[in-house]
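A.B. asks: fold the following and give me the result.
(2 chains)
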Amino acid sequence: MPVWTSANPRIAALAALLCLVVAGNSPPAAGFSVAALEQRFDNGLLVVDGRIDYSLTATATEALENGVDLVISQRLSLERPRWWWRDVEVVSQQRRYRLAYHAMSRRYVLNRLASGESRSYRSLDALLTRLGTIEAWPVIGRDRLDDQQTYRLRFETELDVEALPRLLRTVAWASDDWQLRSEPATLEVRP
Amino acid sequence: MSGLPRQAIVRILLSVLLILSLYLLSAATENSSRFGRLYLWLLLINGVVLVVLSGLIINNLQRLVRSFRARETGSRLTLRLMALFVVLAVLPGLVVYGFSMQFLQRGVDSWFDVRVENALEDALALSQASLDQRMRDMQQRLEEAARDLADVSSDMAPITLGDLRARTGASELTLIGENGRIIAASSMDTDSILPHRPEESILLQLRQGRPYVGLDPIENAGLHIRALVRAPGPDGPGNTRILQGLFQVSPRINDLADEVETAFSEYRELAYLRGPLKDSFILTLSLVLLVSLLFAVWSAFYLARRLVAPVSRLAEGTRAMAAGEYGTQLPPAGNDELGFLVRSFNDMSRRVADVRDAARQSQALVESQRAYLETVLGRLSSGVLALGRDGTLRTYNQAAEDILSVPLHEATGQPLSALVERFPDFSPFVEQIEAHPHGAEGEWRAELSLDTREGRRSLICSGAMLPGGAEGGGEVIVFDDVTTLIQAQRDAAWGEVARRLAHEIRNPLTPIQLSAERLQHKVGNRLSGEEAALLQRSTDTIIHQVEAMKDMVQAFSEYARPPVLELQRVDLNALVQEVAELYRGQAAQASIRTDLDEHLPGLEADAGRLRQLLNNLIRNALEADDGGACEIVVSTRRGTGRHAGCVELDIEDNGPGFADAMLDQLFEPYVSTKPRGSGLGLAIVKKIVEEHNGSISARNVEGGARLSVRLPTGEKGE
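C.D. replies: Next up, the predicted model:
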C-alpha cells in the first residue's frame, strides 16, 4: 500500500483516518531482529537465552534524544501445537522496557517497567546491546511439561506505539519509521 | 412525507455531532495535552460524520442527476439553487480555512520561543557546570581513596572499603578486578545486594588509563555521581584494580537539577512534537471544515428541495390545469409567500372548476332546451326553416322536409338555392323566400303552390326575423301545407252543391220524362208522317237527356253521399288484377300492364269502394288516350321511409298529361278536360282515398301522367 510508505505523514495520517484503520496494518520494519534464541533446562526450569539486534531508526532516535520516551516490549510464549485446532498457549510472559534520554547526565536510561530496575548507559548502542541480551529468561518448570509432547517457544519484540505520546501516535501508526517489530522467532522444545 | 421524520432525526444527529466536534476542537486547542486526549475522539467523530455525510450527498446527487435526466419538474431549479447554495457555503468556508491555516501555523510556532529554549539549555548547562566541579571533587576523593587501597589485599578490601566509603561520603564503593569481576563493595543502601556494575565501555576506558566521572540517574535514588579510577593493588602495578564510587548529589541540588532536567525534557519533547501537533491541528481543522462543508452541501440539497417542492407542485398543477384537470389542489406550503402562492392557486383552481361545472350545467340546460325545441319542432305539422343572416339553411324540422319533399339535410349550411338545380320544382319556394330578403321587412306572409314528388301542394308561408347580434340573427320561415284544408273546403262546398243539385234536378226529371213518354204515347198515334217522326225524335231526345241527367244526378248524389265503409281485409293486388282483366276485355286497343309487389301487405278497406276507385282511375287513364296506342301501367309496392306503413298504387299512362292549369283543381268536381267527362271521376277517387285516410297525388311524367295513391295498411311501419 503506497499510502503507508508515503514520506508525508500528514497525508498518511489522513489516509489512515479515512480508512479507519487504527493499528497493526503496516508491514514489519527491519529494525528489530532476533539474532539467536536458545532454550535449555536449568535446575528443572526451562530458560531461554538470546540475542536481539535492536536498531532504532533515525526518527525514533531523534524522538528519544528530544525527550520522547520509547517503550519496547519482549514477549515470550510457550505453545503446545494441536493439529486439529488452534495451539494451546501454555505460558505467556512479557517484559517491557522504557528507553529514555537523560539530558542532564547525557546518558540513556533503560528501565524495566515491571520491576523498576534501572540502568543508564553512555551510549544508545550500549543500552540496546544490553536490552538485546537475554540471559536465562525463566519460562516454566519442567514438571509442568508433558514429556510426550513437543512444545514451541515463540519470541517477538516490538516498539510499543501505543506508549508514545498521543500526538505522535497518529504519525507513528502511519509511518514505517515507527513500525519497529521483529519477525516472530520460534524454537522447538522437547522436555 | 413519511421520510421527513427520519431525515429530521438524521439531520439533528449530524448537527449534534458537528457541534460536539466543534466543541472538542475548541476545548482541544486550549492546551496541547487536552488536544492529545481529545484527538482520537475528534478523529473518530469526524470520520463517522464524514462517511455518513458523503454517503448522503452521493445519494442526493444520484437522485438529482436521475431527476435531471428524466426532466422532472423542478430538477433544473433544484440544480441551480444547489449550485448557488454550494458556492455560497464553500467559498466563505475556504476563505476562513485559509486564514485559519495561516493563523494556526503562526500561532503554534509562537508558542516556541528561541529565547526560552536557549534559557533552558543555559540552565541545563549551568547545572551541568555546577555539578562538574562536584564531580571533579568526587573524583579526587576517590583517587585518594584508591591510593589508600594500594596496600590492601583483596581479602581485606571489604573492610577497608567500608572505612573509605564513610570517609569519602560515597553512597557506594566497589572494587573491581582487572578482569571486571567485583572484588569487594560497600554500600550505604543495605537493601541493595548487588553493586551498580559499570558498563564495559567505561571499564575499557579505565584499562586504557583514563579515569571516568559522570552523572548517573538512578531510579528512585536520584542523581548520582559515578566515578571510576584505577586502584593499584598490593601485587604491583601489573595487577591494577578499579575503584568505583557512587556519590549522592545533595538533595537540594538533586531537586533543582531534576526540575531543570524535567523542564528541559518537556520543552524539548514539546518542541519535537510541534510538527505532529501542527499536523494534528491542521488535520482536525480540515476535517471539521470538510465535515461542515459537506453538512452545508447536504443541507443545500435539503433546502433546495424544500424550496423547489412547492414551485414544482405549482408547475405540475399549472400543467394539469392547462391539460383541463380543473380543481387540482396542492398540499399547503407554509405561511410564507410560496404558501400564499399555493393557496391562491388552489383558490383559482377551485373557482375554475366551479365555473366549469356551471358551464357544463348551462350547456346541459341548453342541450336539454335544444332537444326540447327539436322535439316540439319535430312534432309540429308546420314546416319550420331557420336561415342564417347570409341566407344559409341552419336548421329545419322533419315536417319541413316532408312538406317540401326535398332532402333539406343536403342543403344544411348552404343557401336553399343549392337544391334548385337538382329539384327544379322547388324553385318557387326559394324564389318566394328570396323575394323577402332578410332585414328588408320585419315579417312577411305569402301563399304559393309547389310541385313536389308527392303532388302539387298549397303552402302558406310566413317569415320573421330572429333576434340576435352579429353571431345570431337570421330568419325563421314557417309554412303549412294547406292543400288538404283547401281541398276539404272545396270538397265540402262541392258536396253541398252536388246534394242541392241532385235534389233540385232529380225532382222535375221524372215528370219531364213521364210527360215526354205520355206525349209520345198520346199524340204519336194521331200524327203521321213527318210530324210523327219529329215527335218521336223530340220525345226520344227528351227521354235520353233526362236519363243522362239522372245519371249525372246519381253521380252527384254519390259524390255527396256520406262515407259508409265496410272495412274488410282486402288484397289490393287481387283487386287490381280483377279490374285490369275487366278492362282488357273491353278496350281492345288498350294495353294494361301490371307491376305488382308480391309481398304487398293487406289493407283494411272497403273492397267495393276500392274497386270503384280502380275503375275510375283506369277509365280516367283510358280517356286520356290521344288517339295512339294506349298503354297503362298499374303498379303496387310497399311504402318506404316515412311511408313505410302504406301501400302505394301508381297508375301511369302515356297520354298527353295534365294541363298545368288543371293540376291545382284536378280532384275538384266538375273539372274535366274531356269532352264527355262528368268531372266527378277523380273527385270521387279522391273522396274514396280520403275515406281510407290515404292520399292521392297527380303529376306529369315524361311521356304521360301518373296518379299515385297511398293507402295506410293499419300496421306499424318498419
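A.B. asks: what's the closest non-adjacent residue to residue 161?
C.D. replies: Chain wasn't specified; assuming chain A. Of all residues not flanking A:V161 in the chain, A:A172 sits nearest, at 4.6 Å (CB to CB, 6 or more residues apart in numbering or on different chains). Glycine gets a C-beta too; all of them are placed from N, C-alpha and C.
A.B. asks: wrong one, chain B
C.D. replies: Nearest non-adjacent residue to B:L161 (CB to CB, 6+ apart): B:S186, at 4.1 Å.
A.B. asks: that neighbour: how many residues sit nearby?
C.D. replies: By the criterion of other CB atoms under 10 Å in any protein chain shown, B:S186 has 22 neighbours.
A.B. asks: so it, which state does it fall into?
C.D. replies: Put simply, B:S186 is strand when judged by DSSP: H, G, I helix; E, B strand; the rest coil.
A.B. asks: how about it, what does it touch?
C.D. replies: By CB atoms under 8 Å, 6 or more residues apart in numbering or on different chains, the contact list for B:S186 reads B:158, B:161-162, B:164-165, B:172-174.
A.B. asks: tell me which two in those residues are the farthest apart.
C.D. replies: Distances among the contacts of B:S186 were taken as CB to CB; the most separated pair is B:P158 and B:E172, at 12.9 Å.
A.B. asks: shared neighbours of these two, which are they?
C.D. replies: Joint contacts of B:P158 and B:E172 (CB under 8 Å, 6+ apart) are B:185-186.
A.B. asks: who has more neighbours out of the two?
C.D. replies: In this view B:P158 and B:E172 are compared by other CB under 10 Å, and B:E172 has more residues nearby, 23 against 15.
A.B. asks: against B:I9, how distant is the more buried one?
C.D. replies: For B:E172, the distance to B:I9 (CB to CB, to the nearest Å) stands at 71 Å.
A.B. asks: likewise for B:A661?
C.D. replies: 107 Å.
A.B. asks: B:N507 now?
C.D. replies: 126 Å.
A.B. asks: go on, B:G177?
C.D. replies: 80 Å.
A.B. asks: and these two? Which one has more around it.
C.D. replies: Counted by other CB under 10 Å, B:G177 and B:I9 do not tie: B:G177 has more neighbours, with 15 against 10.
A.B. asks: correct me, but that one touches B:I183?
C.D. replies: Yes. The criterion here is CB atoms under 8 Å, and B:G177 meets it with B:I183 at 5.1 Å.
A.B. asks: shared neighbours of these two, anything?
C.D. replies: Counting by CB under 8 Å, 6+ apart, the shared contacts of B:G177 and B:I183 are B:154, B:241.
A.B. asks: can you spell out which helices and strands pack onto the longest helix anywhere in chain B?
C.D. replies: Secondary structure of chain B per DSSP state H: the longest helix is helix B:274-322. Applying 3 or more CB pairs under 8 Å, 6 or more residues apart in numbering or on different chains; DSSP states H and E, one finds that helix B:274-322 makes contact with helix A:9-19, helix A:166-174, helix B:3-28, helix B:32-69, helix B:75-111, helix B:337-379.
A.B. asks: now for those, which one comes closest to B:Q205?
C.D. replies: Among the helices and strands packed on helix B:274-322, the nearest to B:Q205 by CB to CB is helix A:166-174 (35.4 Å).
A.B. asks: tell me what angle that closest one forms with helix B:32-69.
C.D. replies: Here helix A:166-174 points in a direction 50 degrees away from that of helix B:32-69 (axes from the mean of the first three to the mean of the last three CA atoms, to 10 degrees).
A.B. asks: I'd say A:L110 and A:L131 touch.
C.D. replies: Yes. Assessed by CB under 8 Å, A:L110 is found in contact with A:L131 at 6.0 Å.
A.B. asks: between those two, which contacts overlap?
C.D. replies: Going by CB under 8 Å, 6+ apart, residues that sit against A:L110 and also against A:L131 are A:97, A:99.
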